[in-house]
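[1] Below are the sequence and a predicted model for it; my questions follow.
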Amino acid sequence: MKKQLGDSNILRNWIKGFEYCEIGFNKPPNSLVYLACTSTGRVSNLRIQNLDFYAPFPNAICSLTELNSLEIYNWTGLHGQIPSCISKLVNLRSLVITKTSISGSLPSFSKNTNLIGITLSNNHLSGTIPPSLSTLPNLHLLDLSSNYLCGEIPKGGNMGQFNAANFANNTCLCGNPLPTCFNSAHTSAPAPAPVSTTMFDSAPVPAPVSITIFESTPAPEMAPDSNSEFLSPRDLDTEILLLQMKKQLGDPGFLGNWVIDAICGFTELEYLEIYHLPGLHGLIPSCISKLVNLQILLITNTSLSGSVPGFSNNTNLNVIFLRNNHLNGTIPPSLSTLPPNLSSLDLSSNYLCGEIPQGGNMWKFNAANFANNACLCGNPLPPCFNLAPAPSP
């Protein structure tokens, strides 16, 4: 890989026998290449950011077969195509390639069935979106915006959960959630466009339990279960929790067939996602700490207020997205103590204040992850100057 990148100076310490696990290779002011490893010394996470030289995409990455997370940020000199051999990375869960000069078509990702997140925004990608994206069973985050993509957006699978912003600023994409296609042939996209990917750093797991709440997606009508008297005790417990949750949500009509702070009772929960529900208000309950299996927490575009929970017991978290809410107070220091698997954090567009915690994984996150808050300060934002946390707005 070092050779394919032209023996870059930032990788000067990559020589035979060098130590690479949990080590970042830096070049001032803010260039970084960081690797994390499995217990057997295989590379599991690779993060590259802010490099300033010209190089093709290194195909050697495809030989890192234990890779769970691949992130490349702000490297405009990176060019060429995303290689088709990326399909060999069957353990990959998070792919982020953003603000590069990568061009050509999107890989199919048909064999990358563990992928949770794909971020390929602000690149030079062209052509159509491969239909195989709709077959990825665990895909919950997708951003293909600001490229040169064209043609109809694939339907089915998890594609219904993504909104127009995830496909914005492309050449001629159409179809839900964008405007309808009218005699739109699947043309090859014009010029190549830059690419970006976001990775979520965690080991492959069995099919997760998940809850996703969408404002605009009613639950399907369920026929009465003639065998309900044979429900197992576990099923009965789940039924009670769902009924409590429905009641707490005000018995909305689209939940007519199931009667739901009850979320904290789902102790096996791995994914919790709430999108575009501006009528949802109150606090994120502290009992969320009971969800020790939680890996992905996404709550965006709601009216939830109060402080950010500590998450100190949620040591399996890979992703925390709490943007575009009404959260206030300070960021809890315990976020900096979560294990290395926390690879994505977004607290932007809230009312948070005070100094951003330092240490742990916090160095991974950039200013955009904390933008548009009341008075946050400290790396990666400007320094704090005798700033006391502001009261709740």
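    Done, it's in.

[2] Low-confidence regions, this structure specifically.
    For the chain, the stretches with pLDDT under 70 are 1-30, 183-262, 386-393.

[3] Neighbours of residue 109, how many?
    By other Cβ atoms under 10 Å, 21 other residues sit near residue 109. (Glycine included, C-beta is placed from N, CA and C.)

[4] What strand or helix carries it?
    Secondary structure assignment for residue 109, by DSSP states H and E: no helix or strand.

[5] got it, and residue 281?
    In the assignment (DSSP H and E), residue 281 maps to strand 271-283.

[6] following that strand, which helix or strand shows up next?
    Proceeding N to C from strand 271-283, the next assigned helix or strand is strand 296-306, under DSSP H and E.

[7] Name the strands paired with the following helix or strand past that following strand and say parallel or antiparallel.
    Per DSSP H and E, the first helix or strand lying C-terminal to strand 296-306 is strand 319-321. Pairing partners of strand 319-321, with direction, according to DSSP bridges: strand 296-306 (parallel), strand 344-346 (parallel).

[8] Pick the most deeply packed of those strands.
    strand 344-346 (a mean of 22; mean count of other Cβ atoms under 10 Å).

[9] Show me what it is in contact with.
    Applying Cβ atoms under 8 Å, 6 or more residues apart in numbering, the external contacts of strand 344-346 come out as 94, 117, 198, 200, 318-323, 335, 361, 364-365, 369.

[10] could I get the strands paired with strand 319-321 as JSON lines with distance to residue 76?
    Listed next are these as JSON lines, based on distance: least, Cβ to Cβ, whole Å:
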{"stretch": "strand 296-306", "distance to residue 76": "28"}
{"stretch": "strand 344-346", "distance to residue 76": "22"}
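
[11] what domains does the record give for this structure?
    9-198, 210-377 (automatic domain parsing).

[12] Reformat those domains into a markdown table and put distance to residue 385 next to each item.
    Output for these, formatted as a markdown table (distance: least, Cβ to Cβ, whole Å):
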| stretch | distance to residue 385 |
| --- | --- |
| domain 9-198 | 21 |
| domain 210-377 | 8 |
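
[13] ok so, going back, taking their axis directions, the strand holding residue 281 and strand 296-306 sit at what angle?
    Computed by axes from the mean of the first three to the mean of the last three Cα atoms, to 10 degrees, the angle separating strand 271-283 from strand 296-306 equals 0 degrees.

[14] Adjacent strands (with direction) for strand 271-283?
    For strand 271-283, pairing defined by DSSP bridges yields strand 210-214 (parallel), strand 296-306 (parallel).

[15] Now do the longest one: everything it contacts.
    Surrounding strand 296-306, the residues in contact under the criterion Cβ under 8 Å, 6+ apart are 116, 140-141, 200, 210, 270-284, 288, 314, 317-329, 392.

[16] okay, now residue 327: neighbour count?
    Neighbours around residue 327, by other Cβ under 10 Å: 25.

[17] which helices and strands does the helix or strand hosting it pack with?
    Following DSSP H and E, the helix or strand that holds residue 327 is strand 326-329. Applying 3 or more Cβ pairs under 8 Å, 6 or more residues apart in numbering; DSSP states H and E, one finds that strand 326-329 contacts strand 296-306, strand 351-355.

[18] If we use 10 Å, what do you get?
    With contacts taken as 3 or more Cβ pairs under 10 Å, 6 or more residues apart in numbering; DSSP states H and E, strand 326-329 sits against strand 271-283, strand 296-306, strand 351-355.

[19] JSON lines for the ones you listed, including distance to residue 130?
    Shown next, in JSON lines, are those (distance: least, Cβ to Cβ, whole Å):
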{"stretch": "strand 271-283", "distance to residue 130": "24"}
{"stretch": "strand 296-306", "distance to residue 130": "23"}
{"stretch": "strand 351-355", "distance to residue 130": "38"}
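
[20] quick one, helices of the protein?
    Applying DSSP state H to the chain gives helices spanning 233-248.

[21] Can you tell me the closest non-neighbouring residue to residue 104?
    residue 81 (3.5 Å; Cβ to Cβ, 6 or more residues apart in numbering).

[22] contacting residues around that neighbour?
    56, 57, 59, 102, 103, 104, 105, 106, 107, 125, 192, 195 (Cβ atoms under 10 Å, 6 or more residues apart in numbering).

[23] swap the cut-off to 7 Å and go again
    By Cβ atoms under 7 Å, 6 or more residues apart in numbering, the residues touching residue 81 are 57, 102, 103, 104.

[24] and if you look at residue 178?
    Taking Cβ under 7 Å, 6+ apart as the contact definition, residue 178 lies against 153, 164, 167.

[25] can you rerun that using 6 Å?
    Residue 178 makes contacts with 164, 167, as judged by Cβ atoms under 6 Å, 6 or more residues apart in numbering.

[26] same question, residue 88
    By Cβ under 6 Å, 6+ apart, the contact list for residue 88 reads residue 62.

[27] measure it to residue 111 for me?
    8 Å (Cβ to Cβ, to the nearest Å).

[28] next one: residue 326
    Taking Cβ to Cβ as the measure, residue 326 falls 41 Å from residue 111.

[29] next one: residue 83
    Separation of residue 83 from residue 111 (Cβ to Cβ) stands at 13 Å.

[30] what about residue 40, neighbour count?
    Around residue 40 there are 7 other residues, counting by other Cβ under 10 Å.

[31] Over to residue 315?
    So residue 315, with other Cβ under 10 Å, has 14 neighbours.

[32] Quick check: residue 355 touching residue 376?
    No - Residue 355 is beyond contact range of residue 376, at 7.8 Å (criterion: Cβ atoms under 6 Å).
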